[in-house]
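Q: Got a sequence here, can you build the structure:
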Amino acid sequence: MKPSSLQIALVILCTGCSGANTPQVQPTSEPSPSASASSASPLPSASATPTGAPTAASAAPPASAEPSSPAAESLDPLAPELSPRGNLIKQIGEPAGIIDGNGERLANFVINSISPDVQCTEASAEPAENGLFVAVDVSVQTSPAMAAPDALISSFDMSSSLFRTISPEGISSNADPGTFAAFLCLDDTALLPSSIGPGENAQGIVLLDVEHPAGTLIFEDLYTGSAWEWTYPG
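A: From the prediction side, this is the model:
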């Protein structure tokens, strides 16, 4: 006997209701790119730059082992000594500099001395606006490689406005050390050129108008954000 139309309809309806025995298809997920690909290595560094980058699944290196600035000197097998502010700590007479990602040392500089309470020599000189004058004697040598079109820096700039001071008690000064009085104090021939180009040597004084006769002196590079600091005596 042929099944009736009613029987056929019931079979079709029951077929759609058998979900309990129907296997569920689980969607496949694509692996996250960050979980399978390693990050590119940043600039080489052993003194002020990271030496490698972890994968997304690996733990980050201790923050104290590497500073935030990628352009301060590197290629030193020892980790740099950093201040609580994250700056490279330097002693008077100790070389400092900027190295690019290829290991090319673009700029070398040394603070030879820091002399507080400087006496002005110019007839047009005015009293210090912030408290007293401090003379920072600096020697700079730059590489011809700075002239390359893709060089990390094309000049090394060091002027009084790129410095700031912190008192021995740890209080940051809001006073700009590059005052008009500092500009008038010494003859130009005694001053360090504020901008030094590729393949040059220069030596001179950066005169600062500061509040404190002793404390910490911080210099931050204009282009890379690298920063160094020195303790200066009263």
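Q: what are the ranges of the strands in the chain?
A: 88-89, 95-99, 105-116, 132-142, 156-157, 163-166, 195-196, 201-210, 215-220, 227-232 (DSSP state E).
Q: mind checking which helix or strand of this protein has the lowest mean pLDDT?
A: helix 33-36 (a mean of 37; mean pLDDT, DSSP states H and E).
Q: ok, Pro84 - how many residues close by?
A: The number of residues packed near Pro84 is 6, by other CB atoms under 10 Å. Yep, even glycine has a C-beta here, placed from its N, CA and C like the rest.
Q: With Glu220 instead?
A: Quick note: Glu220 (other CB under 10 Å) scores 15 neighbours.
Q: so what's the nearest residue to it once chain neighbours are set aside up against?
A: In space, and not counting its chain neighbours, Glu220 is closest to Ala227: 4.3 Å by CB to CB, 6 or more residues apart in numbering. Neighbouring residues of Ala227 by CB atoms under 8 Å, 6 or more residues apart in numbering: Ser69, Ala72, Arg85, Gly86, Asn87, Leu88, Ile218, Phe219, Glu220, Asp221.
Q: can I get those residues in a markdown table with pLDDT and distance to Thr121?
A: Putting those into a markdown table (pLDDT from 0 to 100; distance: CB to CB, whole Å) gives the following:
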| residue | pLDDT | distance to Thr121 |
| --- | --- | --- |
| Ser69 | 46 | 36 |
| Ala72 | 58 | 34 |
| Arg85 | 91 | 34 |
| Gly86 | 91 | 37 |
| Asn87 | 94 | 32 |
| Leu88 | 94 | 33 |
| Ile218 | 96 | 27 |
| Phe219 | 97 | 24 |
| Glu220 | 95 | 28 |
| Asp221 | 94 | 29 |
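Q: ok, those residues vs Ser160, which is closest?
A: Phe219 (10.1 Å; CB to CB).
Q: was I right about that closest one contacting Ser160?
A: No: judged on CB atoms under 8 Å, Phe219 makes no contact with Ser160 at a distance of 10.1 Å.
Q: just to revisit the earlier point, mind putting the contacts of Ala227 into TSV with distance to Glu122?
A: Listed next are these as TSV, based on distance: CB to CB, whole Å:
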residue	distance to Glu122
Ser69	36
Ala72	35
Arg85	34
Gly86	38
Asn87	33
Leu88	34
Ile218	27
Phe219	25
Glu220	28
Asp221	29
